[in-house]
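Q: fold the following.
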Amino acid sequence: MSFGRMDLNLLKVFDAIYEERNLVVAGKRLNLTQSAVSHALGRLRELVGDELFMRTGKGMIPTGRAAAMAPALRDALRQIQATLGVEPFSAQESKRRFVIAANDHLTAVIIAPLSRELEHTAPGVDLVIRPSTRLDLAEQIDLGRIDLAIGIFAQVPGRLNSRTLMSQGEAILMRKGHPASRRKLSLRDMTRFPLVTLSVGGQEEGAVGGFFLERGLARQSEMFDRQALEEALRELSEVPRTRVTVPHSLAIPELLRDTDMLSIVPASLAVALAKHGDLLRRPPPYPAGTSTIRAVWHRRDEHDVGHNWLREMVANAARLTEEALG
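A: From the prediction side, this is the model:
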């Protein structure tokens, strides 16, 4: 392939198809017709000597060659843009789309207030939330398909940057009228009443010490301090009974309703779920640990003006959430 024959606009088409997996959607992103995108892809296939994408019922699936090309090409495009300054960022005028990985709890307590703020400061900016529980989270960040991941990370590899957003403890949720609601919660209550806990997987899914490790990124698998609870109960020679374990928080209110179960959840989630009045929150009757929520992104995005703006907006939303915890 002769580089002199290369139209650099073809690389933008490749990037859009790789991310969207759909010619129509890629065209809308680039303000091109589907015909123009198809034509550009044909030219790129001829230059590279590979099909690059195969049309399937699930969309345009990249070939091995395309998957190998994608990370370096995305880095190159962003470096060119940053060097030339051809895409200045204005929040008020931007039509940019950002992809954030977060679980449903953090979506409720950080992304929701962020979205409300964007209605005023950046009405044209769109957010796409992906589940942070996916096992290929680190790979998705590497490939540039996720701009920012929010969660609890015990280990962040050198190729990724991170920023502390907030710290929080835990809380116990129970239904209004629960037998333990009219007194201080005791340690024995943690064995007397069955538990509802949050977890996105255990040892059977590869978690070690409550964390998944993938490509150097260790992310939380259990959403509560199991070790602190078990150590506290060891003095009573009792063990807690976890009746229900769920991978998401939306089901917790319904699970607690009309039962005597208790739920151990992050403090900010407890505030969010108890604000409707049908659930009560109490401090844990044992010294539960404090967790630190961080934002993680690829270092190639460190000097991207729009990305930097997004990080600041997320940090501001998290700060307000942390302040609300009192």
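
Q: neighbouring contacts of the lowest-mean-pLDDT helix or strand in the chain?
A: Taking mean pLDDT, DSSP states H and E as the measure, helix 64-84 is the helix or strand of the chain with the lowest mean score, a mean of 81. Contact with helix 64-84 is made by 8, 11-12, 14-15, 18, 48, 50, 52-53, 62, 86-87, 142-144, 300-301, 303-304, as judged by Cβ atoms under 8 Å, 6 or more residues apart in numbering. To be clear about C-beta, it is placed using only N, CA and C from the backbone, and glycine gets the same treatment.

Q: list only buried entries from the residues you listed.
A: With burial judged by 16 or more other Cβ atoms under 10 Å, the buried subset of the contacts of helix 64-84 is 11-12, 14-15, 18, 48, 52-53, 62, 142-144, 300-301, 304.

Q: among these, which lie within strands?
A: Among these, the ones falling in strands (DSSP state E) are 53, 62.

Q: could I get the pLDDT score of the closest residue to residue 122 other than its chain neighbours?
A: Nearest non-adjacent residue to residue 122, counting by Cβ to Cβ, 6 or more residues apart in numbering: residue 91, 4.1 Å away. We have a pLDDT of 89 for residue 91.

Q: got it, and residue 267?
A: pLDDT recorded at residue 267 is 96.

Q: and the closest residue to it other than its chain neighbours, what are its phi and psi?
A: Spatially, and ignoring its direct neighbours in sequence, residue 267 is nearest to residue 168 (4.4 Å; Cβ to Cβ, 6+ apart). Note on residue 168: its backbone torsions stand at phi -160, psi 160 [degrees, to the nearest 10].

Q: list the contacts for residue 168?
A: 266, 267, 268, 290, 291, 293, 322, 325.

Q: swap the cut-off to 10 Å and go again
A: When the contact criterion is Cβ atoms under 10 Å, 6 or more residues apart in numbering, the partners of residue 168 are 109, 152, 266-271, 290-293, 321-322, 325.

Q: equivalent analysis for residue 107, please.
A: With Cβ under 10 Å, 6+ apart, residue 107 has these contacts: 100, 114, 115, 127, 129, 131, 132, 150, 249.

Q: against residue 274, how distant is it?
A: Distance of residue 107 to residue 274, given as Cβ to Cβ, to the nearest Å: 18 Å.

Q: same check on residue 291?
A: 19 Å.

Q: quick check, nearest of the contacts of residue 168 to residue 192?
A: For the contacts of residue 168, the minimum distance to residue 192 (Cβ to Cβ) is 20.1 Å, reached by residue 270.

Q: would you quantify the distance from residue 228 to residue 123?
A: 44 Å.

Q: for this structure, which spans come out with low pLDDT?
A: Within the chain, the stretches with pLDDT under 70 are 1-6, 82-88, 134-135, 201-207.

Q: rerun at 80
A: Within the chain, the ranges that satisfy pLDDT under 80 run 1-8, 31, 75, 77-89, 133-135, 200-210, 326.

Q: which helix or strand contains the nearest residue to residue 33 once chain neighbours are set aside?
A: Closest residue to residue 33 apart from its sequence neighbours, by Cβ to Cβ, 6+ apart: residue 27 at 5.9 Å. For residue 27, the element it lies in under DSSP states H and E is helix 23-30.

Q: in that helix, which residues are buried?
A: So for helix 23-30, counting by 16+ other Cβ under 10 Å, buried means 23, 25, 26, 27, 29, 30.

Q: now stretch 146-162: buried residues?
A: Residues of stretch 146-162 classed as buried: 146, 147, 148, 149, 150, 151, 152, 153, 156, 157, 160, 161 (neighbour count, 16+ other Cβ under 10 Å).

Q: what lines up beside the one helix or strand the last one maps to in the sheet?
A: Translated: residue 161. Assigned by DSSP H and E, residue 161 belongs to strand 160-168. If you go by DSSP bridges, strand 160-168 pairs up with strand 291-298 (antiparallel).

Q: pull the partner strand out as CSV, backbone CA atoms only.
A: In CSV, the C-alpha atoms belonging to strand 291-298 read as follows (Å, rounded to 0.1, in the frame of the first residue of the first chain):
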residue,chain,number,x,y,z
SER,A,291,-14.1,2.5,49.8
THR,A,292,-12.7,5.0,47.3
ILE,A,293,-14.4,5.5,44.0
ARG,A,294,-12.1,6.5,41.1
ALA,A,295,-12.4,7.5,37.5
VAL,A,296,-10.1,5.6,35.1
TRP,A,297,-9.2,6.5,31.5
HIS,A,298,-6.5,5.8,29.0
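
Q: and that strand, which residues are buried?
A: Going by neighbour count (16+ other Cβ under 10 Å), the buried part of strand 291-298 is 291, 293, 294, 295, 296, 297, 298.
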